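# 3D model of this:
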Amino acid sequence: MRSAFIAGVLVLAACSSAPPTPSVSPVFGEVEQLFEARRVAIATRDLAGYERTYDPTHATFATCMREDFTLGYAEPASPTRVEPFGTYYRVVVSTPRGHFRYFVRRDADGRLRLTEPQPNEVGEARSRMDGPIRVDYWAVDEDVSEGIGTAAHHAYDVAAAEALGTPKAIFSVQLYPVRSFLSGAPCWLAGSVGGGDITPVINVPVYMLSFDQAFRTPTVPTYDVLVHEALHWIQGQNAYGANVGAPWWLREGWPDRVARIDRSGIVRTLCTTGFPTRDQLSRHGLALLDDTTTLDAGRQYAAANVMVEYLFAAYGPERYWDLYGGVARSVDLDVLFRGVLGVDQAAFYAGWLMWVKTKYC
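Okay, the predicted model is just below:
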């Protein structure tokens, strides 16, 4: 899921805990070599070499590793901590985007490979409560649970300020430790809302989230993920039943824009690679289940973000709820758009495309 919402969040997320004691694990050097081999293989497009760096027996994990290779994003990743975890090693890695957690283990030939634990190896289920905030997680993520709880409380506060009434349910965040726990989009999904509009659970995979050097305090992008998902919760409370029927850009662009997530860099690349089509951005109903690649998802979220920016600038922020709230009562979305904005969806898209190219291209 980028930029901070308010100065206070910037300060909170930017303040790192004290650096951890340098790892003295006897396999630290091997782990460094593993991550460097992975980076080099991606950079040189060496598929055979790349496939030697991860465990192919975990189907979901292997699928995501192959997608990383396809995307070709060979960022430097430097291990800062290596610690035993069951039959694995848990590794904290420093990247330009923050610190992330990985798992490695030895294969039958004694080589270290990237992998992930089996579901029965992540420890017991635990919970943490803070007023209206509940964080559910497994023992493997105890070290980040307090920081996630703080970020979840901030997300709740931001979202509650957008509510048209008093939030009616506990704000529940579920931390998923491994990819095999997620059934949808485990390779690029940073968060999702499940469990219904009114009583949602914010599903957050820890392997997609960045933290500080001590791997305890969430970074600004991690705060952004939780705020984005919390605002989906408010959409469900403010306009119950609109979630499935709303155009995709209207549903996803508003949380991004309100959370002040900056996707302008991606938008500028669209000036040369091409903007998503109206059909892609306006899909709804069963079309929401269509699979989207990581790269396509990034482009579409960036476009949705600035479509809401255009809606606010051209028609006023108050028109958002007139549209989103009207979805649950409308059979024909073009009729809804003409009634609220005076233009149908095709004309709105054409106006946005002209506006976005003028501003960003």
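# quick one: contacts of stretch 105-124?
For stretch 105-124, the surrounding residues in contact (Cβ atoms under 8 Å, 6 or more residues apart in numbering) are 27, 30-31, 34, 38, 52-55, 58, 61, 65, 85-89, 102-104, 138-141, 177-181, 207. C-beta: built from backbone N, CA, C; applies to glycine.
# Do me a favour and average the pLDDT over that stretch.
For stretch 105-124, mean pLDDT is 92.
# Just the buried ones from the contacts of stretch 105-124?
With burial judged by 16 or more other Cβ atoms under 10 Å, the buried subset of those is 27, 30-31, 34, 38, 52-55, 58, 61, 65, 85, 88-89, 102-104, 138, 140-141, 177-181, 207.
# Pretty sure Leu226 sits against Thr150.
No - the pair Leu226 and Thr150 fails to qualify as a contact (Cβ atoms under 8 Å) at a distance of 10.0 Å.
# and for the two, which residues touch both?
Common neighbours of Leu226 and Thr150, using Cβ under 8 Å, 6+ apart, are Pro218.
# which element follows the top helix by length along the chain toward the C-terminus?
Of all the segments of type helix in the chain, defined by DSSP state H, the longest one is helix 294-315. For helix 294-315, the succeeding helix or strand toward the C-terminus, using DSSP states H and E, is helix 319-327.
# Now the element after that next one, going C-ward?
helix 333-341.
# I'd like to know which elements the next helix or strand after that following helix is packed against.
Per DSSP H and E, the first helix or strand lying C-terminal to helix 333-341 is helix 345-360. With contacts taken as 3 or more Cβ pairs under 8 Å, 6 or more residues apart in numbering; DSSP states H and E, helix 345-360 sits against helix 264-273, helix 278-282, helix 294-315, helix 333-341.
# And the contacts of helix 345-360?
Defining contact as Cβ under 8 Å, 6+ apart, one finds that helix 345-360 is touched by 247, 264, 267-268, 270-271, 275, 278, 281-282, 303, 306-307, 310, 313-314, 333-334, 337, 341, 343.
# Could you list the buried residues of that helix?
Buried, per 16+ other Cβ under 10 Å, within helix 345-360: 345, 348-349, 352, 355-356, 360.
# Show the contacting residues for Arg134.
Neighbour list for Arg134: 127-128, 170-173 [criterion: Cβ under 8 Å, 6+ apart].
# closest to Gly325 among these?
Phe171 (21.7 Å; Cβ to Cβ).
# my read: that closest one touches His232, true?
No - assessed by Cβ under 8 Å, Phe171 is found out of contact with His232, at 11.8 Å.
# If you count surrounding residues, which of those two has more?
Higher neighbour count among Phe171 and His232: Phe171, with 25 against 20, using other Cβ atoms under 10 Å.
# beta partners of the more buried one?
Assessed by DSSP bridges, Phe171 has beta-bridge partners Ile133.
# pLDDT at it, what is it?
In this model, Phe171 carries a pLDDT of 81.
# any idea how the protein splits into domains?
Residue ranges for the domains of the chain, per automatic domain parsing: 122-238, 248-360.
# ok now the longest one, how far from the chain's centre?
This means domain 122-238. 10 Å (Cα atoms, centre = their mean, to the nearest Å).
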